[in-house]
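Visitor: Model the following, please.
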Amino acid sequence: MRIRFPRLADGRRSYSVVERSDGVRFRVRQGVAGPAIPHDLVHLVVDRELGEDGGFWGAVAAGAVFASMDHLDGRRPPHSERRSIEVIRGRSGRLHRAEMVAELVQLCARRRMTTPDQVRRAAREVLATLPDSAVDERRVAAAAEALRETELRWAALPVGEELVVDWPEGHSRRRR
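Guide: Next up, the predicted model:
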């Protein structure tokens, strides 16, 4: 699956375009464009780097269509609406955890937390409301570094250009 994140002028309604491997394309409505990296791009980088498929982009790759998505073109597979409901229902807890883990990785990136002890303390704080706050500290630190690199790429991207990112379908993905 390929996702295109256009760099829009600040204040415009932002979006991304998803090109799923089944040939279906969707526009994902997001917030207002600004200088910061788009929230959905944060999720893509974090989930991809952590090898998690339970978040938003893993769900989209598995056939989920969220309310924020508009069909652009391509023939939808038979029973795609039912499949979408099943995928979202089956991932509800994982979607929430993915949101929290993205927050953790952003915090680690912002504060340049690189040691396992720093990441562990941050995880206990950010993930305190989850039944399981355990994370692989080294992978979280690596995801934070990948996020910082993506933020730099985004900041350097001129208005009107786009950042194209692939979701690694077909890879064996670690499940929580």
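
Visitor: which residue of the protein sits farthest from its center?
Guide: In terms of distance from the mean C-alpha position of the chain, P78 ranks first, at 26.2 Å (CA atoms, centre = their mean).

Visitor: got the phi/psi numbers for that residue?
Guide: phi -60, psi 140 (degrees, to the nearest 10).

Visitor: What's the per-residue pLDDT of it here?
Guide: pLDDT for P78: 89.

Visitor: Next: P35.
Guide: pLDDT, P35: 90.

Visitor: which element is R110 on?
Guide: Element membership of R110, judged by DSSP states H and E, is helix 92-111.

Visitor: which residues sit in contact with A141?
Guide: A141 is in contact with 108, 113-116, 119, counting by CB atoms under 8 Å, 6 or more residues apart in numbering. Heads up, the C-betas are built off the backbone N, CA and C, glycines and all.

Visitor: nope, E99 is what I was after
Guide: Neighbours of E99 in contact, by CB under 8 Å, 6+ apart: 43, 55.

Visitor: let's go with 10 Å and repeat that
Guide: By CB atoms under 10 Å, 6 or more residues apart in numbering, the contact set of E99 is 39, 43, 46, 55-56.
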